[in-house]
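J.: Curious how this folds, go ahead:
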Amino acid sequence: MTLNVAQIREQFPILARQVNGQPLVYLDNAATTQKPQAVIDALVDYYTQCNSNVHRGAHYLSDEATKRYEAARKTVAHYINAGRPEEVIWTSGTTEGINLVANGMAQRLKAGDEVMVTEMEHHADLVTWQQACKRSGATLKIVPIHDNGELNSDAFYDLLSDNTAFVAMPHISNALGTINPIKELTAAAKAKGALVLIDGAQGVAHGAINVQDIGCDFYVFSGHKLFGPTGIGVLWGRYDVLANWPVWLVGGEMIATVTYQDATWGELPNRLEAGTPNIAGAIGLAAAITWLQGFNADDIWAHEQALLKRATELAEKTDGMRIIGTASNKIGVLSFIIEGTHPADIGFILDKQGVAIRTGDHCAQPLMKRLGVPGTARASFTIYNTMDDVDALFKAINKARMMLA
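T.: The predicted structure follows:
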């Protein structure tokens with residue numbers, strides 16, 4: 001069965017608007033996805049029907065909000081095949097999840113330990129582990145990539161050693177679209193006794209996620225790249241790892257007992273969720289997942305791949321245009337440069353034609369340096385994009401080429 005994209009688009013109010021007098025062509029989905037009406041309705045319903053703080057409230061609204069909030073945790077746990085709902089920790093997004101893990105790991109690392117990341121890391125993963133190593137005296141090792149944007153798996157295996165304490169890597173590169181063989185790499189790292197974190201910010205919206213099958217210890221992602229609200233994310237961790245993980249934020253909600261001299265921490269998930277949570281965000285993320293599960297994952301994948309194929313064919317026929325990131329296994333991301341132009345100028349001209357893309361280093365400055373480019377223009381596709389969107393993109397690119405020639 002193929003997707004009825006026209007019907008899907010009708011569920012996204014923002015796609016009906018115009019930008020600079022032109023119909024909106026939204027191709028910045030790797031940065032953030034738009035929100036279907038189902039998610040918008042879930043947010044409005046929470047605020048209009050049961051707005052209240054969760055847990056401990058002795059009244060009806062608090063009880064209802066708590067039930068929705070914890071039901072959302074179960075929805076996420078089922079979506080990623082977590083072993084139990086308590087393994088799902090709410091965060092503000094991928095960045096906070098990585099920092100929570102790195103803060104705890106920095107207290108365990110010591111001189112002589114090694115942490116491995118890749119050349120394709122987002123700054124949220126690279127800088128976090130860079131700083132954790134500086135604090136602890138551990139050594140940061142960088143796994144190189146091939147020129148086409150694929151991870152050098154042989155180098156990954158060579159860099160693993162008995163001193164490898166932690167491995168962090170992206171499920172999918174945000175800048176290149178490369179899909180990494182995370183299950184195989186995780187197994188190799190675990191064989192050395194290392195803990196493994198997968199940055200799933202890009203991976204979570206492009207196919208079923210099974211954290212138990214991957215075999216990692218941590219998987220982190222953001223709701224806003226999964227058709228959900230901003231300001232909400234998930235840190236999943238294996239229960240036996242998280243149960244005694246060092247707390248990062250302290251305060252309300254996460255304690256068991258408090259005196260003026262000391263405090264003890266509660267059980268999972270509370271011990272890692274200090275303060276009033278983003279209740280509406282959690283409910284909205286669950287609504288996004290429920291909405292997405294109404295479609296066949298294989299159909300979504302096939303649709304995105306068809307869009308990428310069309311865009312790639314047009315790019316290869318466009319004079320002066322070079323695709324950055326040509327891995328054999330990638331999501332619907334077309335990162336490119338046009339000879340003699342700066343990506344920011346391309347983005348500006350495309351915006352005037354109603355086409356929204358992303359330009360710059362994509363929070364991956366070392367990767368851009370490795371590839372020898374100042375940055376790229378990046379178009380990224382998802383479930384509500386069409387072949388007409390791809391054609392509009394290249395019509396706008398060709399106009400930009402003429403204007404900048």
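J.: The chain - how does it break down into domains?
T.: 5-28+296-404, 50-292 (automatic domain parsing).
J.: Quick one: end-to-end distance for the shortest one.
T.: Spelled out, it's domain 5-28+296-404. End-to-end distance for domain 5-28+296-404: 34 Å, by C-alpha to C-alpha, to the nearest Å.
J.: Distance from the chain centre to that domain, please.
T.: Relative to its chain's centre, domain 5-28+296-404 lies at 18 Å (C-alpha atoms, centre = their mean, to the nearest Å).
J.: pLDDT (mean, whole number) over it?
T.: Averaged across domain 5-28+296-404, pLDDT comes to 97.
J.: And the longest one, by the same measure?
T.: If you average the pLDDT over domain 50-292, you get 97.
J.: What residues does residue 174 make contact with?
T.: Neighbour list for residue 174: 30, 122, 201-202, 333, 362-364 [criterion: C-beta atoms under 8 Å, 6 or more residues apart in numbering]. Yep, even glycine has a C-beta here, placed from its N, CA and C like the rest.
J.: Among these, which are located in helices?
T.: If you go by DSSP state H, the contacts of residue 174 have nothing in helices.
J.: Make CSV out of those and add neighbour count.
T.: Below are the contacts of residue 174 laid out as CSV (neighbours: other C-beta atoms under 10 Å):
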residue, neighbour count
30, 27
122, 22
201, 27
202, 26
333, 30
362, 23
363, 17
364, 25
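J.: Could you identify the most distant pair in those residues?
T.: 333 and 363 (14.2 Å; C-beta to C-beta).
J.: just to revisit the earlier point, quickly name whichever of the contacts of residue 174 is closest to residue 384.
T.: The nearest one, if we look at the contacts of residue 174 relative to residue 384 and count by C-beta to C-beta, is residue 30, at 14.1 Å.
J.: need the contact list for the residue nearest to residue 118 when sequence neighbours are not counted.
T.: Closest residue to residue 118 apart from its sequence neighbours, by C-beta to C-beta, 6 or more residues apart in numbering: residue 143 at 4.4 Å. The contact partners of residue 143, by C-beta under 8 Å, 6+ apart, come to 116-119, 151-152, 155-156, 159, 169.
J.: With residue 281 instead?
T.: Contacts of residue 281 (C-beta under 8 Å, 6+ apart): 90, 223, 228-232.
J.: Strands - which of those residues land there?
T.: residue 90 (DSSP state E).
J.: And for residue 267, the neighbour number?
T.: 10 (other C-beta atoms under 10 Å).
J.: Now name the helix or strand holding it.
T.: Counting by DSSP states H and E, there is no helix or strand that carries residue 267.
J.: what about residue 15, is that helix, strand or coil?
T.: helix (DSSP: H, G, I helix; E, B strand; the rest coil).
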